[in-house]
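Participant: Next come a sequence and a model predicted from it.
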Amino acid sequence: MNDLERFKAVCAGERPDYVPIFGFLGAPGMSQGALRDVHARLVHTGMPSWVDGCHSLARFDSVEGWFRYWGTTGPIELDFVPAEPARGIETAKRIEGEFEIVESETGAVTRQVIDNDATYSMPHFMVYDVRDRPSWEFYRERTTPGPMWPPDRIEDECRRFEGRSRPLAISVGSTWGQLRNLMGPEAASAILYDDPELAHEIIDFFCGLREQYVFPLIERLRPEIVMAGEDCCYNHGMLISPEHFEEFCGPFYRKVGRLAAECGVDMVAIDTDGNAMEFAPLVESCGVNALFPFEVKAGNDLHALRERQPEFILMGWLEKECVNEGNEGMIEPEIMSKVPRLLDRGRYFPNGDHGLQPLATFDNMCRFMTLLHEVMGNPEGEFPRVK
């Protein structure tokens, strides 16, 4: 079997020749490289320097060497929008002591560590892009795409994805998550009560763009994955109420779910951090059949979720801190208490529950991946197995 066939088998609840270690760049776990400082530490502690997958938030390196060395895989992701680019928004940066200040012509101001794209810690968003209707209208004008490409140019781009041997993923963006990005979580929550008309307008604008530009590509390319990113859960559950999700977000996801069913899409997945136990049945009712990465420390329980939602596709849920320095004793209990039981029930892609951290070591990665490959019956990877 190839990567595409294994992926489709797992999604269907069937047993492939082996289960792949599969993940998305937004929450790659152990599957798709690491940020620059983490990658450098893995090399410093023993990983060959030729292993690629050294990312920043602004640039994604090739992961083919990472796939080969660690025996992992991931999707092909659509890399174009079939329209001329928007005018865009200009930003300026300056250094203040140990921090970088980023100012935008929208009025947004962000304070972050220097070189944050490669080292990543959570920035301090001092002022957000959208604060009221005038700031929204300015942002909308600068981010509206230009004219649609002619059909022959779109078709030329689409042909590149024919005959693929890995699953293709097409993103449909987000709903409330887009509002949170523009306004911050507090204002994006309050606006649902204080100005629901404007909240609907902002969400509907972006959903309309995806229906115009992305839905036809789903119909043409018949991807295996349609994915979205909401990050609408926190450490105890959803940041907005289920009722608000139904009102503001549900209509779009039902459209996505119907289109995915018509096009034979295997996985409709949403990326959300935090505790997704309440969120999972809500999105399943809209036609979504997968979430990731199910962070451990947020209190997710995939054994309980599997009992409640037997056909839902589960991903991640292995504590990323297992591979940090000094944590090698966590590896076996973490994997053995979760992976065999979930694999037995099917529709599960084991992986770390977000991304690798700066304290990760090469030796612990080898220990973790040796046991995970063994439990999954996965023979791939060139890394040294640890007995």
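Facilitator: Ah, there it is.
Participant: for the chain, where's the lowest mean pLDDT among helices and strands?
Facilitator: Lowest by mean pLDDT, DSSP states H and E among the helices and strands of the chain is helix 116-119, with a mean of 84.
Participant: Please pull up the helix or strand immediately following that one.
Facilitator: Counting by DSSP states H and E, the next helix or strand C-terminal to helix 116-119 is strand 124-127.
Participant: Give me the buried positions along that next one.
Facilitator: By neighbour count on 16 or more other Cβ atoms under 10 Å, the buried set for strand 124-127 is Phe125. Where you see a C-beta, it was placed from the backbone N, CA and C, and this is true even at glycine.
Participant: I'd like the distance from the least confident helix or strand of the chain to the chain centre, please.
Facilitator: When distances are taken as Cα atoms, centre = their mean, to the nearest Å, helix 116-119 is centred 18 Å away from the chain's centroid.
Participant: One more: stretch 134-146?
Facilitator: Per Cα atoms, centre = their mean, the centroid offset for stretch 134-146 relative to its chain is 25 Å.
Participant: quick one on the thing from earlier: using CSV, list the CA coordinates for the least confident helix or strand of the chain.
Facilitator: Taking Å, rounded to 0.1, in the frame of the first residue of the first chain, the C-alpha atoms of helix 116-119 are listed here in CSV:
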residue,chain,number,x,y,z
ASN,A,116,9.7,35.1,16.9
ASP,A,117,8.7,33.4,13.7
ALA,A,118,11.5,30.9,14.2
THR,A,119,11.6,30.6,18.0
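Participant: Return the list of helices and strands in contact with whichever helix in the chain runs longest.
Facilitator: Ranked by residue count, the top helix of the chain under DSSP state H comes out as helix 196-213. Under the contact definition 3 or more Cβ pairs under 8 Å, 6 or more residues apart in numbering; DSSP states H and E, helix 196-213 sits against helix 133-143, helix 176-183, helix 185-194, helix 242-248, helix 250-262.
Participant: of all the ones you listed, which lies closest to Leu305?
Facilitator: Smallest distance to Leu305 across those (Cβ to Cβ): 16.3 Å, for helix 242-248.
Participant: Quick check: buried residues in stretch 244-258?
Facilitator: So, applying 16+ other Cβ under 10 Å, buried residues of stretch 244-258: 244-245, 248-253, 255-257.
Participant: now do stretch 96-107
Facilitator: Neighbour counts over stretch 96-107 (16+ other Cβ under 10 Å) mark 100-104, 106 as buried.
Participant: same check, this time on stretch 130-145
Facilitator: By 16+ other Cβ under 10 Å, the buried positions in stretch 130-145 come out as 130-131, 135-136, 138-139, 142-143.
Participant: Out of those residues, flag the one nearest to Val51.
Facilitator: Distance to Val51 across the buried residues of stretch 130-145 (Cβ to Cβ) is lowest for Thr143, with 36.6 Å.
Participant: I'd like to know how far that closest one sits from Leu192.
Facilitator: From Thr143 across to Leu192, the span is 22 Å (Cβ to Cβ, to the nearest Å).
Participant: quick one: contacts of stretch 216-224?
Facilitator: Residues from elsewhere that reach stretch 216-224 (Cβ atoms under 8 Å, 6 or more residues apart in numbering): 4, 7-8, 11, 75, 78, 82, 154, 158, 161, 167-170, 226, 259-260, 263-267.
Participant: Next: stretch 26-34.
Facilitator: Stretch 26-34 is touched from outside by 21-25, 39, 42, 52-55, 61, 63, 66, 70, 72-74, 229, 271, 273, 292-293, 316, 318, 320, 323, 351-356, 360, 365, 368-369, 372, with contacts defined as Cβ under 8 Å, 6+ apart.
Participant: now with 7 Å?
Facilitator: Identification of contacts with stretch 26-34 by Cβ atoms under 7 Å, 6 or more residues apart in numbering yields 21-23, 25, 39, 42, 52-55, 61, 63, 66, 70, 72-74, 229, 271, 292-293, 316, 320, 351-356, 368-369.
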